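>>> pasting the sequence and the predicted coordinates here, then a few questions.
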Amino acid sequence: MNNTGFDTGSTGFMLIAAALVMLMTPGLAFFYGGLAGKRNVVGIMFQSFVSLGITTIMWYVVGYSLCFSGGEGGVIGNFDKMFLKGVGPMTPFPGNHKIPEYVFFVYQLMFAIITPALITGAFKKRVTFKAYLIFLVLWQVFVYYPFAHMIWGGGWMAKWGVLDFAGGIVVHATAGFAALASVIYVGRRNVAQHTPNSLPLVAIGTGLLWFGWFGFNAGSELDVDAITSLAFINTHAAAAFAGITWMIIDWIREKKPKLVGFLTGAVGGLATITPASGFVPLKGAIIIGILSAIVCYGAVMFKNKMKWDDALDVWGVHGMGGVLGTIMLGVFASKFANPSIASNGLWFGGSSFFFKQLAAAGIACVYAFIFTYVMLALINLITPVRVTAEEEEMGLDEALHGEKGYDEGAL
């Protein structure tokens, strides 16, 4: 402790955790950018990076307040903390008083930044930048903010007993099913391109995401204690087991082990363990990691069969991963692993908690899907959502931004 009354260890750790989560957005940009075609690298990376700016402005003005003030047991907060009214450097975070509220503000900001950016991989090469900026604002206000409040801000789902340690519902399920709605509304690409332009970029992006995810999950304890270490090791174990499981499935089906398969599996494992990372024992995290690869791989195969043009498998990996992790939390939650939880999961003799998790995941998916589809239709009345065939053929980098990711002559 110091003369401010704050715990310097917890405060320092949470600042590092916030920086790690911030790094995940550039990591996502590299991951998506490497998977995109060479004429659409700038556009898809820009969609991630611009969220760092737009979301920060929104969070300061109104986002933080709507998520984390007022509305006890409700659906969304109020405007009491707009522009951080009443919050200063010496204001303690109400949750534990060990850290300044500024630290909590900036940590949660990083979650808000990356969540809508996840959706962009689904509609690669098809959406205008102007429409995306409107989408970015409206989706946060009407999807992200309510679910962040309901689960993390003392809203009705939290009062009901729903748990989400670091964002299975708030981040991955909502983003994944919003991605599916976007794909169905926008339609298929005129010419589908499945060859990544740079596997090294995909690998760098995965590395940054994996690294940042320790801040994402372990930091969600908002302290430095035994649960912090539990979330940390569970995060890594789930990613490792998921990556290897996906690689094995690829090897069996396609006769060769695939780097992209391993990387995709690892990201799926990270997304799936997120809601459960601080609530389940290590063995549960390992099982969740293995299951995530099997279920997410199956979801991608189903998507292909249905001919949904989810270009970078946002629904299959993040959406289904978030749903699976939320449900598996209802199975493997353990008071032995985390004494603070109210009830055990199905595996350890509890049943009511499992059904609450199942219902919460279903509500999030249905709401995110329907609202996103309707919102895109309304945006289309203001400005075209889909690019023209000529712009798609040219590539969005040059058509919308007047930039190129690569010197094609050199390539």
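Cool, got the structure.
>>> tell me the contacts of A271?
168, 172, 292, 317-318, 321-322, 325 (CB atoms under 8 Å, 6 or more residues apart in numbering). Just so you know, the C-beta spots here come from the backbone N, C-alpha and C atoms, and that holds for glycine as well.
>>> again with Q140
Contact criterion CB under 8 Å, 6+ apart gives 55, 58, 63, 112, 115-116 as the residues in contact with Q140.
>>> any idea how far it lies from L400?
Q140 sits 22 Å away from L400 when distances are taken as CB to CB, to the nearest Å.
>>> now G268
Distance of G268 to L400, given as CB to CB: 30 Å.
>>> neighbour count: the two, which is higher?
It is G268, of G268 and L400, that has more neighbours when counted by other CB atoms under 10 Å, with 34 against 20.
>>> so where do the helices sit in the stretch 101-250 of the chain?
With DSSP state H, counting those that start in this stretch applied, the stretch 101-250 of the chain shows helices at 101-119, 129-139, 145-152, 156-160, 174-186, 199-218, 226-254, listed in chain order.
>>> how about low-confidence regions in the stretch 201-350 of the chain?
Applying pLDDT under 70 to the stretch 201-350 of the chain flags no residue at all.
>>> where is the longest helix in this structure?
Ranked by residue count, the top helix of the chain under DSSP state H comes out as helix 352-382.
>>> right, and the helix or strand after it?
If you walk from helix 352-382 toward the C-terminus, the next helix or strand you reach (DSSP states H and E) is helix 389-394.
>>> now that next one: buried residues?
Neighbour-count burial for helix 389-394, with 16 or more other CB atoms under 10 Å as criterion, is recorded at 391-392.
>>> run the chain-centre distance for it.
Its chain's C-alpha centre lies 30 Å from the corresponding centre of helix 389-394 when counted by CA atoms, centre = their mean, to the nearest Å.
>>> elements contacting the helix or strand following that helix?
Helices and strands here follow DSSP H and E; after helix 389-394, the next one along the chain is helix 396-401. Secondary-structure packing of helix 396-401 (3 or more CB pairs under 8 Å, 6 or more residues apart in numbering; DSSP states H and E): helix 41-58, helix 129-139, helix 389-394.
>>> which of these sits closest to Y373?
Set against Y373 and scored by CB to CB, these come closest in helix 129-139, at 11.7 Å.
>>> packing partners of the closest one?
Of the remaining helices and strands, those touching helix 129-139 by 3+ CB pairs under 8 Å, 6+ apart are helix 41-58, helix 101-119, helix 352-382, helix 396-401.
>>> what's the closest of the helices of the stretch 101-250 of the chain to W308?
Per CB to CB, nearest to W308 of these: helix 174-186, 5.3 Å.
>>> ok so, going back, got the helices of the stretch 101-250 of the chain as a markdown table, with mean neighbour count columns?
Output for the helices of the stretch 101-250 of the chain, formatted as a markdown table (neighbours: other CB atoms under 10 Å):
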| stretch | mean neighbour count |
| --- | --- |
| helix 101-119 | 23 |
| helix 129-139 | 19 |
| helix 145-152 | 26 |
| helix 156-160 | 17 |
| helix 174-186 | 25 |
| helix 199-218 | 22 |
| helix 226-254 | 20 |
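>>> and the gap between T195 and V202?
Distance of T195 to V202, computed by CB to CB: 12 Å.
>>> wait, I meant M157
Taking CB to CB, one finds M157 at 35 Å from V202.
>>> what does V374 give?
Following CB to CB, the distance that separates V374 from V202 is 33 Å.
>>> pretty sure I114 is touching V170, no?
No - distance between I114 and V170: 11.4 Å, which falls outside the contact criterion (CB atoms under 8 Å).
>>> what residues do the two have in common as contacts?
Common contact partners of I114 and V170 (CB under 8 Å, 6+ apart): none.
>>> thinking again about what came up before, now distance to A333 too, for the helices of the stretch 101-250 of the chain, in JSON lines please.
Formatted as JSON lines, the entries for the helices of the stretch 101-250 of the chain read as follows, by distance: least, CB to CB, whole Å:
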{"stretch": "helix 101-119", "distance to A333": "22"}
{"stretch": "helix 129-139", "distance to A333": "30"}
{"stretch": "helix 145-152", "distance to A333": "15"}
{"stretch": "helix 156-160", "distance to A333": "15"}
{"stretch": "helix 174-186", "distance to A333": "21"}
{"stretch": "helix 199-218", "distance to A333": "15"}
{"stretch": "helix 226-254", "distance to A333": "12"}
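>>> out of those, nearest to G350?
Shortest distance between G350 and the helices of the stretch 101-250 of the chain, using CB to CB, is found for helix 156-160: 14.9 Å.
>>> state the distance from S351 to W308.
S351 sits 34 Å away from W308, taking CB to CB as the criterion.
>>> and these two? Which one has more around it.
Using other CB under 10 Å as the criterion, S351 and W308 rank with W308 on top: 18 against 12.
>>> which residues sit in contact with the closest residue to V87 other than its chain neighbours?
Closest residue to V87 in three dimensions, ignoring its sequence neighbours and counting by CB to CB, 6 or more residues apart in numbering: E101, at 5.1 Å. Remark: with contacts taken as CB under 8 Å, 6+ apart, E101 is in contact with 87, 91-94.
>>> again with G325
The contact partners of G325, taken as CB under 8 Å, 6+ apart, are 168, 172, 271-276, 288, 292.
>>> that's a helix at it, yeah?
Yes - with DSSP: H, G, I helix; E, B strand; the rest coil as the criterion, G325 is part of a helix.
>>> relative to F165, how far out is it?
When CB to CB is applied, the distance between G325 and F165 equals 9 Å.
>>> shared neighbours, the two?
Common contacts of G325 and F165 (CB under 8 Å, 6+ apart): 274-276.
>>> local confidence estimate at the residue nearest to V87?
Looking at E101, its pLDDT stands at 98.
>>> with Q193 instead?
What the model reports for Q193 is a pLDDT of 71.
>>> check the one 3 residues further on too.
You'll see P196 listed with a pLDDT of 90.
>>> need the nearest residue in space to it, chain neighbours excluded.
With sequence-adjacent residues excluded and distances taken as CB to CB, 6+ apart, P196 is closest to L35, at 4.8 Å.
>>> can you pull the contacts of that neighbour?
121, 196-197, 202, 260, 311-312.
>>> could these go into TSV alongside distance to A368?
Putting these into TSV (distance: CB to CB, whole Å) gives the following:
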residue	distance to A368
G121	16
P196	27
N197	30
V202	26
V260	27
A311	19
L312	18
